[in-house]
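Student: need coordinates for the below:
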Amino acid sequence: MTLFVIGKPINHSLSPVIHNFWIKKYQIGLEYRKMEVDKESLPSLIEKVRKKEITGLNVTLPYKKDIIKYVDEISDTAKDIGAINTIFLKKNKVYGENTDGIGFTNALEKQAKFNFNDKSIYVLGAGGASYGIISELIRKKVQTIYVANRTKQKTIQLIDYFKRKDKSLNFKFADWENLSPNSDVDLIINTTSFGMMENEFLEINIKNLKDTLILVDIIYNPKETELLKFFRKKGFFCMNGLSMLIEQAAVSFEHWFNISIGNKEIEEVKKICEKSY
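Tutor: Here you go, the predicted model:
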């Protein structure tokens with residue numbers, strides 16, 4: 001039996017490095033591999049999970065939403081987000097979970113000792129990654145969520161999506177053309193792909209920012225985007241997406257094998273990942 005991460009493209013994925021390290025450490029007799037697949041292959045892969053021919057799946061772009069209709073059940077978290085990234089057999093049913101949001105919050109709580117309660121968060125992007133993170137921010141009872149996106153309509157859709165679930169949520173529009181976070185902002189999160197290409201730079205006005213502000217760019221390749229470099233030079237605490245990737249992988253691993261990954265194993269695999277790209 002085997003585990004796979006599926007998507008298109010998939011060559012960039014560090015998930016096999018992470019999971020195979022833990023599989024070897026805990027002497028689990030299988031292998032975790034990458035598989036580039038077309039949309040038409042999704043139903044047959046789910047059938048293989050159902051028949052126990054595949055132990056489990058991680059799902060990455062562009063199939064996190066598409067694959068939902070083929071599984072039997074999804075978690076409340078996955079329902080909130082409208083996407084899944086982890087699939088496994090649970091009581092003979094193919095079950096879908098989303099570990100992205102909790103991976104993000106776990107990483108920040110550990111790396112920066114950040115307490116989300118009553119904080120103001122400035123989110124860049126309104127795509128799939130932002131839904132996962134925002135869903136968990138709401139669970140953590142943040143005070144205000146600002147959202148800025150290149151396409152304003154997507155921002156409206158995102159805010160409407162979460163407001164339909166809870167009208168009391170405090171969302172605010174931020175202007176993509178003039179990214180100027182207020183002094184109440186505690187955390188800026190870039191959930192977009194802007195910065196993956198060389199010399200791409202998101203210009204953010206920092207004049208109102210508090211000294212304790214944290215910037216997280218969920219991109220992990222390159223290791224340091226121009227945005228991260230800029231904020232780091234200005235003295236702010238910064239983090240890329242590698243810790244989030246590893247933390248969400250740890251939650252997936254626990255779903256598959258009922259093994260809780262400790263901080264030591266997180267740090268061990270982080271060092272290996274940093275050397276591998």
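Student: so where do the strands sit in the stretch 101-250 of the chain?
Tutor: Per DSSP state E, counting those that start in this stretch, the stretch 101-250 of the chain carries strands over the ranges 120-124, 144-148, 171-173, 185-190, 214-217, 237-239.
Student: tell me the contacts of the residue most central in space within the chain?
Tutor: Centroid-nearest residue in the chain: residue 100, 3.6 Å away (criterion: C-alpha atoms, centre = their mean). Residues near residue 100 by C-beta atoms under 8 Å, 6 or more residues apart in numbering: 81, 83, 85, 129, 132, 133, 244, 248. Quick note: C-beta positions are derived from backbone N, CA and C, even for glycine.
Student: check which helix or strand covers the second one.
Tutor: Applying DSSP states H and E as the criterion places residue 83 outside every helix and strand.
Student: list phi and psi for it.
Tutor: Note on residue 83: its backbone torsions stand at phi -160, psi 150 [degrees, to the nearest 10].
Student: and the pLDDT at the nearest residue to it once chain neighbours are set aside?
Tutor: By the measure of C-beta to C-beta, 6 or more residues apart in numbering, the closest residue to residue 83 outside its immediate chain neighbours is residue 64, 3.8 Å from it. pLDDT, residue 64: 93.
Student: go on, residue 198?
Tutor: The predicted local confidence for residue 198 is 79.
Student: distance of it from residue 222?
Tutor: As judged by C-beta to C-beta, to the nearest Å, residue 198 and residue 222 stand 8 Å apart.
Student: more crowded one of the two?
Tutor: More crowded of residue 198 and residue 222, by other C-beta atoms under 10 Å: residue 222, with 16 against 8.
Student: from residue 203, how far off is that one?
Tutor: 18 Å.
Student: ditto for residue 181
Tutor: 12 Å.
Student: and those two? which has more neighbours close in?
Tutor: Using other C-beta under 10 Å as the criterion, residue 181 and residue 203 rank with residue 181 on top: 24 against 11.
Student: mind listing what's buried in stretch 43-56?
Tutor: 45, 46, 48, 49, 50, 54, 55, 56 (16 or more other C-beta atoms under 10 Å).
Student: just stretch 82-94 next, same as before
Tutor: Buried positions in stretch 82-94, judged by neighbour count with 16+ other C-beta under 10 Å: 82, 83, 84, 85, 86, 87, 88, 89, 94.
Student: can you give me the end-to-end distance of stretch 228-247?
Tutor: Stretch 228-247 has its terminal residues 20 Å apart, counting by C-alpha to C-alpha, to the nearest Å.
Student: what about the chain, any weak spots by pLDDT?
Tutor: Along the chain, segments meeting pLDDT under 70 are nowhere present.
Student: could you tell me the end-to-end distance of stretch 110-119?
Tutor: End-to-end distance (C-alpha to C-alpha), stretch 110-119: 17 Å.
Student: hmm, who's touching that stretch?
Tutor: Looking at what lies outside stretch 110-119 - C-beta under 8 Å, 6+ apart - the contacts are 105, 108-109, 137, 140-143, 186-187, 214, 237, 239, 243, 247, 263, 266.
Student: what does stretch 62-71 give?
Tutor: 6-8, 37, 39, 42-43, 46, 59, 74, 78, 82-85, 87, 94-96, 98, 128.
Student: all good on my end, thank you.
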